[in-house]
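Undergrad: Here is the input, now give the coordinates:
(one chain, ligands or ions: 1)
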Amino acid sequence: MNDIKLAVLGGEGVGKSALIVRFLTRRFIGEYASSSECIYRKRLSIDGRQLNLELYDPCSQACEGKLTLTDQIHWADGFIVVYDISDRSSFIKAKAVVHLIRELNLGVAKRDADTLVFLVGNKQDLCHVREVRREEGQRLAAESQCQFYELSAAEHYQEVVLMFSKMVHNASLGGKAKERRRRPSGSKSMAKLINNVFGKRRKSV
Ligand SMILES: Nc1nc2c(ncn2[C@@H]2O[C@H](COP(=O)(O)OP(=O)(O)OP(=O)(O)O)[C@@H](O)[C@H]2O)c(=O)[nH]1
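TA: As a prediction, the model looks like this:
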């Protein structure tokens, strides 16, 4: 069975957990416990093949044993780099992350380079307070050979699922045999994820 490892990266509060939880549970919850990094696991069937999906959700705050960004990049097969369209500083951070991925992935085959980094402008529902134009995201994606999405974890369930499904599909075709840096701890089962979302959320919506 194939293992697919995806890292959802980006600045603080851009909606990384919201996107992951939306994809895994269909739900959008206003606030998430985010004091620790974690890996969510899910079994998927894509094109008739069974896959073990691991989704890495980093913790933006300093926490013990936290993977460095470089470690995160080495660990993953594919990257979803998220910014918040209503926060320019998050776009600058996303740009830096994309550039670092490109620097560290110089040896990756061109086909993989094109398909395995997605740039995602989240919180499209906040377009009335937009600070990053859609064209800027598109330009960065084109310059950096990423696929571009602008969507809202809060309002666009179908788009979120499509985006993750496309990435899983691309990563499953990548057939990567690269050395993986496995994390023995810090993983969460679906039960724990649901507990995290519903039992420990910081505040309700
Ligand atoms: N309006 C709106 N708010 C969103 C959306 N996605 C996430 N949020 C909100 O943005 C805030 C941060 O969301 P998180 O999912 O915790 O973001 P994160 O990137 O995981 O945060 P850290 O782990 O702390 O870096 C929360 O208040 C979410 O409710 C969205 O699509 N639209």
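Undergrad: only C-alpha atoms for contact and neighbour calcs from this point on.
TA: OK.
Undergrad: Would you mind measuring from residue 84 to the ligand?
TA: For residue 84, the distance to the ligand equals 8 Å [C-alpha to the nearest ligand atom, to the nearest Å].
Undergrad: what do you get for residue 147?
TA: 19 Å.
Undergrad: what number of residues lie near that residue?
TA: 20 (other C-alpha atoms under 10 Å).
Undergrad: Now it. Its backbone dihedrals?
TA: With angles defined as degrees, to the nearest 10, residue 147 sits at phi -90, psi 150.
Undergrad: partner residues bridging it?
TA: Beta bridges link residue 147 to residue 118, judged by DSSP bridges.
Undergrad: same question, residue 57
TA: Bridge pairing for residue 57 (DSSP bridges) gives the partners residue 38.
Undergrad: so what's it up against?
TA: By C-alpha atoms under 8 Å, 6 or more residues apart in numbering, the contact set of residue 57 is 7, 8, 9, 16, 17, 20, 37, 38, 39, 40.
Undergrad: at 10 Å instead, please
TA: Contact analysis of residue 57 by C-alpha atoms under 10 Å, 6 or more residues apart in numbering lists 6-10, 16-17, 20, 34, 36-40, 72.
Undergrad: what does residue 86 give?
TA: Neighbour list for residue 86: 14, 121-133 [criterion: C-alpha under 10 Å, 6+ apart].
Undergrad: hang on, the earlier thing: among the contacts of residue 57, name the buried ones.
TA: 6-10, 16-17, 20, 34, 36-40, 72 (16 or more other C-alpha atoms under 10 Å).
Undergrad: just those residues now: which is nearest residue 163?
TA: Closest approach to residue 163 among these (C-alpha to C-alpha): residue 20, at 11.0 Å.
Undergrad: one step back: among the buried ones among the contacts of residue 57, which two are most distant?
TA: Pairwise over those, using C-alpha to C-alpha, the maximum falls at 6 and 34, 18.1 Å.
Undergrad: Nothing else from me, thank you.
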